[in-house]
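[1] Let's see this in three dimensions:
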Amino acid sequence: MVSKLEPDWEIADALMEMEGTDAYKCYQCGKCAGACPLNMLDAVTYPVYRVPYEVKLGVIDTEGPEVWQCVGCEACKDACPKGISQAKIMRAVRRVLTEFGGMPGTLQSVVSSISSAGNPFMESEEKRTEWTKGLDVPTFDGTQEYFYFSCCTPAYDARAKKLAVATAKILKAADVSFGIIGKEEKCCCEAIRRGGAEEVFTNVTMANIATFDAAGVKKILVQSPHCYITFANDYPEFDGNYEVVHVTVLFDRLIKEGKLAPTRPVEKKVVYHDPCTLGRQSGIYEEPRNVLKAIPGLQLVEFPNFNREFSVCCGGGGGGLWVEQEMDARLSNLRVRQAVETGADILAVACPYCLQMFEDATANLQAGIEVRDISELLAESLEL
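    Model (predicted):
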């Protein structure tokens, strides 16, 4: 969006109807720009403080990249004196652009895949449960305490499947009552809603809610923080009301209750990355750290200055996982460099998106640091 364009009051009205009303709260103090992680990148100029002003005028540059740079981390919201959600405003902008065919091709492919196949990878529904082979994971029938929702990424991605496998083994070791629904599950659609594909989001959400309710779901255990915020915050808009629990929160509780006892030492120096959706947006900071601290031999260190609510986004949120960026404009590279500076052997994550973004960055940078999910580290210490 650039202010040299002429105001368009019809577009401005449409943006307000599509949840852009937070723009009116902005008084241009600029604190959002100081908090935005994109402005830590020398190659990126992202005047986030101008977004509300231009939205009020209906000024949208359909050719500019700025609309698709926002990763929805909401660092700006935390810094804003008025609590303005730039991510929500940007969602309204993207909804308008989507109606005019302005969505990037890679993200449009993801939307089409979710609409037709129920997942962003254009894989068959039958393959959704392939990660369970040999694990004897039960089908959820309403009698179990938790419906475990693995997220599409651990369900289909070869590397991320290890997260779901580790989690299932941990749950079985602790005698947790859980099950999966299987091929009837569809993507939570968090990324495409933030990307502006509201119609597809609504259709898939309603289908998921019908499936969950028919199966008797009350509690959803999630692997991904993106699924967490979607089921907890977005699904109630459509009368999908469930208790949502992230796996690290349950792991922490099971360890404290003595149902899990990590014994095998992991003699590594580990730095933990707070995912935006788990930390800043959900307030879950200590439970993942508690799990890591319970692993014998593991030395937990912190990112100086940029931990907890000040964590730097991996760049995968807000559809960023599927929007191609130049190497010097990738937040994942910045974050991996920060991790390397701590001297850690392992960059620990609690999100499949972070896992993918950081593994790609470590390979590109030849960083020499390993990326592991907390579920993998806990399963290793439990000798599962």
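[2] drop to CA atoms for contacts and neighbour counts, all remaining ones
    OK.
[3] which residues in the stretch 251-384 of the chain form strands?
    Assigned by DSSP state E, counting those that start in this stretch, the strands in the stretch 251-384 of the chain fall at 269-272, 299-301, 346-349, 370-373.
[4] So for the last one, mean pLDDT?
    Meaning strand 370-373. What strand 370-373 shows for mean pLDDT is 98.
[5] Count the neighbours of Asn39 for me.
    17 (other CA atoms under 10 Å).
[6] surely it meets Cys32?
    No: judged on CA atoms under 8 Å, Asn39 makes no contact with Cys32 at a distance of 10.2 Å.
[7] ok, back up a step: dump the strands of the stretch 251-384 of the chain into TSV; add distance to Val217 and mean neighbour count as well.
    Listed next are the strands of the stretch 251-384 of the chain as TSV, based on distance: least, CA to CA, whole Å; neighbours: other CA atoms under 10 Å:
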stretch	distance to Val217	mean neighbour count
strand 269-272	32	23
strand 299-301	36	16
strand 346-349	27	23
strand 370-373	26	20
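[8] And these: which comes nearest Phe201?
    Closest approach to Phe201 among the strands of the stretch 251-384 of the chain (CA to CA): strand 346-349, 26.6 Å.
[9] Which secondary structure elements does that closest one sit against?
    Secondary-structure packing of strand 346-349 (3 or more CA pairs under 8 Å, 6 or more residues apart in numbering; DSSP states H and E): strand 269-272, strand 370-373.
[10] starting at the chain centroid, how far to the last one?
    Put plainly, it is strand 370-373. Centroid separation between strand 370-373 and its chain, computed with CA atoms, centre = their mean, to the nearest Å, is 16 Å.
[11] And for that strand, what's in contact with it?
    Under the contact criterion CA atoms under 8 Å, 6 or more residues apart in numbering, strand 370-373 has outside partners 163, 345-351, 355, 358-359, 362.
[12] just to revisit the earlier point, what about the helices and strands packed on strand 346-349, which gets the closest to Thr139?
    Nearest to Thr139, of the helices and strands packed on strand 346-349 and by CA to CA, is strand 370-373 at 24.9 Å.
[13] Can you give the strand pairings for that closest one, parallel or anti for each?
    strand 346-349 (parallel) (DSSP bridges).
[14] Could I get the CA-only coordinates of the strand it pairs with as PDB?
    Below are the C-alpha coordinates for strand 346-349, written out as PDB (Å, rounded to 0.1, in the frame of the first residue of the first chain):
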ATOM      1  CA  ILE A 346      19.800 -27.300  19.500                       C
ATOM      2  CA  LEU A 347      17.100 -24.700  18.600                       C
ATOM      3  CA  ALA A 348      14.000 -26.100  20.300                       C
ATOM      4  CA  VAL A 349      10.600 -25.400  18.900                       C
END
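[15] I am finished for the moment; much appreciated.
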